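>>> Need a 3D model of the sequence below.
(one chain, ligands or ions: 4)
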Amino acid sequence: MSHPFDREREVASRAVREAARICRAVRGKHGPDPVAKGDKSPVTVADFGSQALICATLAAAFPGDPIMAEEDAAELRKPEHAGVRDRVAAEVAAIRAGTDAETALGWIDLGDLDRFEPRFWTLDPIDGTKGFLRGEQYAIALALIVEGRVEVAALACPNLEVSRLASGPVGAVFLAVRGRGATVCPLDGDDVERPITVSDRDDPTRARLCESVESGHSAHNESAAVAARLGVTEPPVRLDSQAKYATVASGLADVYLRLPTRADYRERIWDHAAGALIVAEAGGTVTDVDGKPLDFTLGSTLASNRGVVATNGRLHPRVIEALRG
Ligand SMILES: Nc1ncnc2c1ncn2[C@@H]1O[C@H](COP(=O)(O)O)[C@@H](OP(=O)(O)O)[C@H]1O
Ligand SMILES: [Mg+2]
Ligand SMILES: [Mg+2]
Ligand SMILES: [Mg+2]
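Ligands and ions are numbered 1, 2, ... in the order given. Just a heads-up that it's a prediction; the model follows:
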């Protein structure tokens, strides 16, 4: 039986898998060589290559769909970045034979949507670029938003173990369609997908918390205060990227806290859309720190939300209460 969004799910899954290949290739070959963006955050050959491939795939499958992606090709068009541009083109051509630099840059710029549309994709070609640079966790995050609701999510986590068992393969793809649950399958090979669910833990003192590695992205001192109020004893697990959402969705952690480090920061929708649907479809709850649902209708940021809290659902009210101090 076919369902709405079956094709979107299949295309999104294929797109993030292909992008994971370029990320792994870049790390394996010559090191990622970051370039600093205007806001001083890093971006690499792999971020650009991933965005080029995914935008090309989406444009071919859904030519009418606009894409709101994190990166653009403006820096790559500058003469001083000719070296990076040529490497991006070479990495893309290694997967899509015959692609020239101008084509690759054009694909990157397909992700230029900057305002809300009734139906659009949002893409983070590498979420957790700092984790990618450290050789730790990162994710390729793609979501389809229709009428302000996240309908489809695909999240590739190339360095995450599918199960935390020692024998589990490294690299996982998480998929969700609204109303139809969330699944995981290995990034490599063609193993079957299996459904995932959040934990059923309801004792806050036993809660396993996760948060960003980067203290500039989430206030570690405040999460420690929240943990103390809940009576949590275990130290938080720190990992980069939306792998945190995947960890809560698979029941390996119970709570993901992302607490604002400054009053004026607005979360970007591509940092949350895919992960939030995967947690919700695995049975969990996602809100901001005030307990408000995330509002994906306001353009590229979650302008009416502060921070993010994702939990297994059962613990959510207790966590929001603890956040009130
Ligand atoms: N001050 C800030 N507060 C919260 N998030 C921030 C931030 N500055 C940057 N970020 C976002 O944090 C993301 C990484 O999150 P995490 O710390 O969970 O790995 C970055 O995504 P990119 O790596 O895609 O740029 C970036 O968008
Ligand atoms: Mg970035
Ligand atoms: Mg990101
Ligand atoms: Mg990114």
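
>>> Surely L105 touches L76?
Yes: using CB atoms under 8 Å, L105 is in contact with L76, at 5.9 Å. (Each C-beta comes from the backbone N, C-alpha and C, glycine too.)

>>> okay, those two: which has more neighbours?
L76 (24 against 20; other CB atoms under 10 Å).

>>> mind checking the end-to-end distance for stretch 132-146?
Terminal residues of stretch 132-146 are spaced 30 Å apart (CA to CA, to the nearest Å).

>>> how about it: buried residues?
132-133, 136-146 (16 or more other CB atoms under 10 Å).

>>> Contact partners for the nearest residue to V232 once chain neighbours are set aside?
Leaving aside its sequence neighbours, V232 sits nearest to A207 (CB to CB, 6 or more residues apart in numbering; 5.3 Å). A207 makes contact with R201, L230, V232, E234, D254, V255, L315, V319 under the criterion CB atoms under 8 Å, 6 or more residues apart in numbering.

>>> Which of those scores worst on pLDDT?
In terms of pLDDT, E234 ranks lowest among the contacts of A207, with 94.

>>> what's the worst-scoring helix or strand of the chain on mean pLDDT packed up against?
Least confident helix or strand of the chain, by mean pLDDT, DSSP states H and E, is strand 35-36 with a mean of 80. The contact analysis (3 or more CB pairs under 8 Å, 6 or more residues apart in numbering; DSSP states H and E) places strand 35-36 against strand 42-43.

>>> Can the strand it packs on be said to contact ligand 1?
No: using CB under 6 Å from any ligand atom, we find that strand 42-43 stays clear of ligand 1, coming within 7.6 Å at best.

>>> Then stretch 270-280?
Yes: where contact is defined by CB under 6 Å from any ligand atom, part of stretch 270-280 touches ligand 1, namely D271.

>>> if we can go back for a sec, of the contacts of A207, which is the most crowded?
V255 (30 neighbours).

>>> ok, now which ones touch it?
Each residue near V255 by CB under 8 Å, 6+ apart is listed here: A207, R208, L209, C210, V248, V309, A310, T311, N312, L315, V319.

>>> please redo it, this time with the cut-off set to 10 Å
Shown in contact with V255 (CB atoms under 10 Å, 6 or more residues apart in numbering): 199, 201, 204, 207-211, 223, 226-227, 230, 232, 236, 244, 248, 284, 309-312, 315-316, 318-319, 322.

>>> which parts of the stretch 1-150 of the chain sit against ligand 3?
D124, D127 (CB under 5 Å from the ion).

>>> For ligand 4, see how far away L160 is.
For L160, the distance to ligand 4 (CB to the ion, to the nearest Å) stands at 16 Å.

>>> List the residues that contact Y245.
127, 139, 141, 153, 155, 157, 174, 182, 210, 253, 256, 271-272, 274-280, 282, 284, 286, 308, 310.

>>> re earlier: in strands, which of the contacts of A207 fall?
V255 (DSSP state E).

>>> from the contacts of A207, which is closest to ligand 4?
The shortest gap between ligand 4 and any of the contacts of A207 belongs to V255, at 23.5 Å (CB to the ion).

>>> can stretch 33-48 be found next to ligand 4?
No: applying CB under 5 Å from the ion, one finds stretch 33-48 separated from ligand 4 by no less than 5.9 Å.

>>> thinking again about what came up before, from the contacts of V255, which land in strands?
Going by DSSP E, the strands hold L209, C210, E211, V309, A310, T311 from the contacts of V255.

>>> check those against ligand 1, which are close?
Within the ones in strands among the contacts of V255, nothing lies near ligand 1 by CB under 6 Å from any ligand atom.
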